[in-house]
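# Return a 3D structure for these sequence lines:
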Amino acid sequence: MKLSTTYLFYPDNKVLERAISRSTDMLDEALAKAALPDTRMTVVDNFLYTRGNYELHRFSANVLGHARQALEALLTGDYRDREPRAWAETQNTLGNILAAQGQQQGNVELFEQAIRCFNHALEVFDQEASALDWATTQYNLGTAQQALGRQLDDTKSLKASVHAYTHALQVWSQKETPEAWASTMHQLGATFHAYGRLLKGSRTFQKSVVAYKNALTGLDADHFAFELAAAHNNCGAALHNLGETEESPDHLEEAIRSYDTALTVCMEQQLPIHLAVLCRINLSTARSVLAALKNDTALSDEVVDEFELIIECFPHALQPLCLKYCEAQINQSGRAGTRDGCR
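So this is what the prediction gives:
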C-alpha cells in the first residue's frame, strides 16, 4: 500500500538558538541587531514548526552567514592546542549554524560540513570525562544526520542519526535530565519514522511509535504545550503509516486517537491555528485509509465532508500544498464543490 502524506511538527531547536545567541556576541552592534526578526508587523506564518529541525524562531536567518564567518575565523591558528574545550564548543556552535544554512539553502555540502564539525568536537569531548558535552554533541550530530537523511532520502544518514541519538541516551535519562531525554526520544521517533517510510518496514515504524510514546511520558500541557501536541501528532503519523503497512484497522484507529489528542492540545493551549488544521488533515487522512480498509462508504462520505469543511473554514491557515492535498482528496472521491457552514 502506498503510504499517505502526513504532516509532522518539529520542536524548537534550542541548541541552535543558543549557538546563534553565542555567535551574535561576536558581531558588531549593527549585525547583532539585524539578528533579531522584524516584529513591527504581525505576519501569519503558516509554516511555523513545519520546516524542519533548523527552522529559526527567535532570530533572523540573515545572521547565519555573518555568524559563520566569525566562528570560522575564531577556529584558525593554534586555538585547539591552547583551549581544546572552547575549541570543541565552537565546533558545536559552528556545526549548528552550518546545518541551519544547509536546511535554508537545501545545501548538502553545508550539512556535511556541519557533521564534520560535530565529529571534530567529539575528538575532544569524551563520554567519561565530559559526559554532558559528549551527549549534547551526539544529539547535534543526530539532528544534522536526520535532516540530511530526510533531504536526500538516504537510509545511511538516518541510520547514523539513530546511532547518535542512542549514544546521547546513554548519558541523558528521564530522571536526571528529563527535558533533554524527552527531546532526544522525540527526535529518535522522527528519525525512525523517516527511516520507516524509506524501508516501508513495520518494525521501524513500531520503533518510532515506542520512541514517541517515551517522549510523551516527559511532557505536560502546562509546561510543554507545543512539544506535547507535536509528540501526539507525530506519534499518530507513525501509527498511521504502520497501519497502512500492516493493513491494520487497529493501528489506524490508534493513530486517529493520537491525532485527535494533538488537535485538542492545540485548541486548548491556543497554539497557532494552522497546527490544529494540520492535525485535522492528518486525522481525516487516517479516517480515509480506515474507510478504504473497511470498505465503509458512510465513513468515506464523512471524510470528504471534513476535507470540504477544512477548505471552506480555514483558507487562511492552509499552506498551498496542504490546500492542493485536500482538494485532491475530494477529487478522488468523485465529488466536487463545497458545502455551506462550518462546524
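# And for R150, the neighbour number?
R150 has 23 neighbours, counted by other C-beta atoms under 10 Å. Glycine gets a C-beta too; all of them are placed from N, C-alpha and C.
# Tell me the confidence at it?
Looking at R150, its pLDDT is 97.
# Helix or strand: which one has the nearest residue to it once chain neighbours are set aside?
Among residues not flanking R150 along the chain, A194 sits closest, at 5.1 Å (C-beta to C-beta, 6 or more residues apart in numbering). Using DSSP states H and E, A194 sits within helix 178-199.
# For that helix, name the packing helices and strands.
helix 131-152, helix 155-168, helix 202-216, helix 225-246 (3 or more C-beta pairs under 8 Å, 6 or more residues apart in numbering; DSSP states H and E).
# Name the residues of it that are buried.
180-197 (16 or more other C-beta atoms under 10 Å).
# repeat for stretch 283-292
Buried, per 16+ other C-beta under 10 Å, within stretch 283-292: 283-292.
# if we can go back for a sec, of the helices and strands packed on helix 178-199, which is nearest D45?
helix 225-246 (13.9 Å; C-beta to C-beta).
# Tell me which of the helices and strands packed on helix 178-199 sits most buried.
helix 225-246 (a mean of 26; mean count of other C-beta atoms under 10 Å).
# Just list what the helix or strand following that one packs against, helices and strands only.
Going down the chain from helix 225-246, the next helix or strand is helix 249-268, by DSSP H and E. Judged by 3+ C-beta pairs under 8 Å, 6+ apart, the packing partners of helix 249-268 are helix 225-246, helix 273-294.
# Would you format those helices as a markdown table with distance to L36 included?
Shown next, in a markdown table, are the helices and strands packed on helix 249-268 (distance: least, C-beta to C-beta, whole Å):
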| stretch | distance to L36 |
| --- | --- |
| helix 225-246 | 21 |
| helix 273-294 | 23 |
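# would CSV of these with mean pLDDT be doable?
Formatted as CSV, the helices and strands packed on helix 249-268 follow (pLDDT from 0 to 100):
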stretch, mean pLDDT
helix 225-246, 98
helix 273-294, 97
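# Figure out which of these is closest to A100.
Closest among the helices and strands packed on helix 249-268, using C-beta to C-beta: helix 225-246, at 19.3 Å.
# distance between that closest one and the chain's centre?
12 Å (C-alpha atoms, centre = their mean, to the nearest Å).
# Same question for stretch 246-266.
Distance, centroid of stretch 246-266 to centroid of chain: 19 Å (C-alpha atoms, centre = their mean).
# go on, stretch 16-23?
That offset, for stretch 16-23, works out to 19 Å (C-alpha atoms, centre = their mean).
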